[in-house]
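In: Sequence first, predicted coordinates after that:
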Amino acid sequence: MLVPGALPPTWIVRVLRNAMLLGGLLLLLRGMLVFRGLQFSYRWEALFSLAFFVVFGYYSLDPAQLDARIVIYSALAGILSLAIAVVTLRYRPPFFGSNDVMLALWLLVFSIFCFARLAQELSHADVSTAFELLKGFGSIYAVAQILTVQLITLTLVSMNSQRIEYDHSLSESRLRESEAQLRSIGDHLPDGFVYQFDMRDSKRFFNYISAGVEKMLGLSPTDLMKDAQPLFALMASDSYAQYIEDEARCLRENSEYSGVLLFHPVDGRKVWLHVRSAPMLRMSGETVWAGVAVDITKLKEAEAELERHRNHLETMIEVRTAALSDATRAAEAANLAKGNFLANMSHEIRTPMNAIIGLSAVLLRKHQDPDTADKLEKITAAGKHLLGIINDILDLSKIEAGKLQLLEERLDISLLPNGVCSMVAEAANAKGIQLKTELDFLPQSLLGDATRLTQALLNLVSNAVKFTKTGSVTVRAFKEQEDNDSILLRCEVIDTGVGISEEAMSRLFSPFEQGDASTVRSFGGTGLGLAITRRLAQLMGGNAGVESVLGEGSTFWFTVRLKKTDGENSDFNTNPKRDVVEQLRERFAGSRILLVEDNEINQLVAQAILEEVGLVCDVAEDGEDAVAKFGGSRPGTYALVLMDMQMPKMDGVTATKAIRQLEGGKDIVVVAMTANAFIEDEKRCRAAGMNDFVAKPVDPDRLYSTLLQWLG
């Protein structure tokens with residue numbers, strides 16, 4: 001392409017030959033600029049190429065326009081060569097060397113040659129080329145251009161090599177700096193060291209190990225670089241064996257090693273190191289291990305201390321658990337003993353109380369002179385008062401033990417205030433106190449425990465009457481809240497009594513607490529009524545409290561949640577619809593009752609009560625006697641059996657079960673009449689096949705009602 005006459009002198013050959021020469025110079029200029037970080041837009045290259053092809057292409061259409069083409073080429077080549085020389089000498093990179101100088105000088109010479117050729121062409125228009133002046137040298141010009149291109153190419157290759165050498169040298173320098181920084185970091189690790197070792201003939205040789213190893217293990221890094229065995233000799237035998245095994249595994253799997261190793265330095269310390277390392281394969285095929293070891297001795301000591309504390313804590317927990325178990329068993333035993341004590345005391349107290357109250361009631365039913373009747377009434381009142389104290393203690397004990405069971409029966413709340421007021425009417429009238437009731441509109445059908453509701457309200461009303469000298473006691477019952485399924489009933493008892501101080505109100509609802517010591521002296525009482533009322537209210541989904549002003553009166557209240565229901569209501573009517581005694585005399589006089597009772601006084605009381613209404617009583621002194629008498633009688637001899645529970649030889653539960661197995665015993669009505677008044681006792685009686693339960697001391701009216709129910 002560049003040798004004259006080698007190709008046909010066509011337009012395309014003329015354009016491409018000169019375009020290749022100028023394009024090489026243009027690319028060289030661009031490379032110089034780019035290598036020096038200077039910006040050079042492609043638009044300038046495109047503009048230069050377009051101008052060349054338009055102008056040079058135009059003059060190449062006519063072969064006779066050789067002078068114009070020489071002028072265009074010489075001008076462009078000279079400008080590009082001069083520009084390259086200026087850029088090369090002006091912007092010297094760090095890798096600038098002799099090759100750069102040689103290239104710049106050659107391009108300066110070439111640019112001078114181009115400009116000289118341009119000047120000669122412009123001043124001698126009749127001469128076609130400078131070389132044509134010398135005959136026989138027509139091809140020297142083309143050869144000079146070819147040599148220029150080759151020289152530029154070789155120079156660029158040399159410059160590129162220089163740059164590569166410079167970059168390599170710079171990389172080595174930076175690598176040395178980085179290595180120095182890493183060594184400095186490794187030497188200044190506060191609790192660790194870094195290392196690198198390889199394996200040669202099954203031995204380890206450290207290529208590098210930081211200064212931290214001397215602080216932790218007392219070994220010199222310089223000595224370890226010569227011989228690594230002293231470091232591995234300090235490793236505990238089990239740690240060393242595990243390390244060798246794990247190292248071989250990691251090498252096979254080409255995975256990272258991580259483990260905790262124990263070392264024993266010569267000063268007798270224990271040093272725990274957490275070691276992490278990884279195998280690296282060199283180009284030579286050798287394996288190099290690089291890693292870091294961190295001192296975790298303090299962490300291990302803390303873990304050991306924590307473990308000791310944990311073991312100590314576990315021991316303490318076991319001791320405390322055992323003590324708690326012993327205390328629980330002791331509390332359960334004490335609770336059982338308390339329950340047995342209360343049951344026994346209840347039985348022992350109720351037995352003589354049965355005689356006192358029962359015989360007094362029998363005597364009061366007979367004609368007595370006024371003085372005797374008055375004394376009997378006082379005996380009965382005293383007995384009932386003592387019985388009330390016993391019942392309060394038992395109720396509180398049941399509540400605290402969680403054994404008090406509430407019933408759900410239909411009731412009419414509107415009858416509650418009047419029913420309770422009728423019970424204290426005599427005491428209120430004796431003091432001239434007016435009893436009032438106020439009722440809100442309440443649903444007619446509700447479910448609740450009528451007995452416990454009466455007990456809770458009666459405690460408040462009785463206290464109000466007791467502590468009110470003059471004025472009135474008002475009983476209110478109204479609805480505080482209501483939803484689709486229930487209502488929250490609030491009962492209030494408002495009195496005009498002595499009032500209560502703020503300090504006394506804070507402890508009023510605690511068991512065995514009253515306002516102050518003078519209250520006990522002036523009014524008596526055990527301090528259980530309010531505590532029982534609050535506990536009952538809480539069991540029924542409410543609470544109890546008091547509002548009072550000293551010297552002006554008090555308002556005691558409690559709330560209970562009662563379910564709504566449909567159906568007929570029961571009532572609190574305490575007045576019998578008909579005289580039960582008269583009904584028993586008229587309908588069942590002469591009926592034979594088997595009384596099973598071991599206590600002679602209780603036998604006498606029960607006989608007197610039964611004979612009062614015309615019933616015939618046969619007495620069995622214990623369970624065995626009862627079974628014998630019932631079994632020895634003809635079927636239908638006895639209309640009912642009254643059975644005590646606690647008796648010698650055979651108790652009432654066993655006797656009842658035995659009677660049920662006898663002829664006629666399956667249908668006989670058995671009513672428990674016992675001083676064992678706990679709910680568990682009643683359950684045992686009913687489970688044994690008894691039909692009903694009457695607690696001692698026997699209330700004649702209650703007993704008569706029970707007899708009338710079952711005999712009928």
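Out: Great, that's in hand. This is a predicted model, so every value here is computed, not measured.

In: Would you confirm that Glu682 contacts Phe693?
Out: Yes - the criterion here is Cβ atoms under 8 Å, and Glu682 meets it with Phe693 at 4.7 Å. Backbone N, C-alpha and C define where each C-beta goes, glycine included.

In: any common contacting residues for those two?
Out: Contact criterion Cβ atoms under 8 Å, 6 or more residues apart in numbering; residues bridging Glu682 and Phe693 by contacting each: Ala672.

In: where along the stretch 451-600 of the chain do the strands fall?
Out: All strands of the stretch 451-600 of the chain, identified by DSSP state E, counting those that start in this stretch, fall at 472-482, 486-495, 544-549, 553-564, 592-596.

In: among these, which is the most enclosed?
Out: Most buried of the strands of the stretch 451-600 of the chain, by mean neighbour count (mean count of other Cβ atoms under 10 Å): strand 592-596, with a mean of 22.

In: can you give me how far that one is from the chain middle?
Out: Mean-position distance between strand 592-596 and its chain equals 65 Å (Cα atoms, centre = their mean, to the nearest Å).

In: And the next helix or strand past it?
Out: Next helix or strand after strand 592-596 toward the C-terminus (DSSP states H and E): helix 600-612.

In: Who are the packing partners of the helix or strand just after that following helix?
Out: Per DSSP H and E, the first helix or strand lying C-terminal to helix 600-612 is strand 616-620. Where contact means 3 or more Cβ pairs under 8 Å, 6 or more residues apart in numbering; DSSP states H and E, strand 616-620 is packed against strand 592-596, helix 600-612, helix 623-632.

In: Strand partners (parallel or antiparallel) of strand 616-620?
Out: Within its sheet, strand 616-620 is paired with strand 592-596 (parallel), according to DSSP bridges.

In: want to throw the strands of the stretch 451-600 of the chain into TSV with mean pLDDT and distance to Gly218?
Out: Shown next, in TSV, are these (pLDDT from 0 to 100; distance: least, Cβ to Cβ, whole Å):
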stretch	mean pLDDT	distance to Gly218
strand 472-482	91	81
strand 486-495	92	81
strand 544-549	90	78
strand 553-564	91	79
strand 592-596	94	97
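
In: any chance of those in CSV, with distance to His168 too?
Out: Below are the strands of the stretch 451-600 of the chain laid out as CSV (distance: least, Cβ to Cβ, whole Å):
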stretch, distance to His168
strand 472-482, 92
strand 486-495, 94
strand 544-549, 95
strand 553-564, 93
strand 592-596, 121
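
In: Quick one: closest of the ones you listed to Leu261.
Out: Across the strands of the stretch 451-600 of the chain, the minimum distance to Leu261, taken as Cβ to Cβ, is reached by strand 553-564, at 69.6 Å.

In: The closest one vs strand 544-549, what angle?
Out: Between strand 553-564 and strand 544-549, the angle comes out at 150 degrees (axes from the mean of the first three to the mean of the last three Cα atoms, to 10 degrees).

In: that's a helix at Ser277, yeah?
Out: No - Ser277: not assigned to a helix; according to DSSP: H, G, I helix; E, B strand; the rest coil it is strand.

In: Helix or strand with the lowest mean pLDDT in this structure?
Out: Using mean pLDDT, DSSP states H and E, the weakest-scoring helix or strand in the chain turns out to be helix 517-523, at a mean of 45.

In: Does the nearest residue to Leu299 once chain neighbours are set aside belong to a helix, a strand or coil?
Out: Using Cβ to Cβ, 6 or more residues apart in numbering and skipping the chain neighbours, the partner closest in space to Leu299 is Trp272 (7.6 Å). What three-state DSSP gives for Trp272 is strand.

In: need the contact list for Trp272.
Out: Residues near Trp272 by Cβ under 8 Å, 6+ apart: Val260, Leu261, Leu262, Phe263, Asp295, Ile296, Thr297, Leu299, Lys300.

In: next one: Asp198
Out: Neighbours of Asp198 in contact, by Cβ under 8 Å, 6+ apart: Arg204, Phe205, Asn207, Glu286, Thr287, Val288, Trp289.

In: try it again with 6 Å
Out: Contacts for Asp198 (Cβ atoms under 6 Å, 6 or more residues apart in numbering) come out as Glu286, Val288.

In: buried set for the helix or strand harbouring it?
Out: For Asp198, the host element (DSSP H and E) is strand 192-200. For strand 192-200, the neighbour count (16 or more other Cβ atoms under 10 Å) marks Gly192, Phe193, Val194, Tyr195, Gln196, Phe197, Asp198 as buried.

In: what's across from the third one in the sheet?
Out: Using DSSP bridges, the beta-bridge partners of Val194 come out as Val292.

In: model confidence over stretch 263-283, on average?
Out: The pLDDT scores in stretch 263-283 average 88.

In: Start and end of that stretch, how far apart?
Out: One end of stretch 263-283 sits 34 Å from the other (Cα to Cα, to the nearest Å).

In: Any idea how far that stretch is from the middle of the chain?
Out: 41 Å.

In: And for stretch 38-50?
Out: For stretch 38-50, the distance to the chain centre is 72 Å (Cα atoms, centre = their mean).

In: For it, which outside residues touch it?
Out: Contact with stretch 38-50 is made by Arg30, Leu33, as judged by Cβ under 6 Å, 6+ apart.

In: what do you get if the cut-off is 7 Å, keeping everything else the same?
Out: Stretch 38-50 has contacts (Cβ atoms under 7 Å, 6 or more residues apart in numbering) with Leu26, Arg30, Leu33, Val34.

In: Same question for stretch 549-559.
Out: Outside stretch 549-559, the residues touching it (Cβ under 7 Å, 6+ apart) are 456, 460, 480, 488-501, 533, 537, 542-548.

In: same thing but at 6 Å, please
Out: Stretch 549-559 is contacted from outside by 456, 460, 488, 490-497, 499-501, 533, 537, 542-548, using Cβ under 6 Å, 6+ apart.

In: list the contacts for Asp440?
Out: Neighbours of Asp440 in contact, by Cβ under 6 Å, 6+ apart: Phe478, Lys479.
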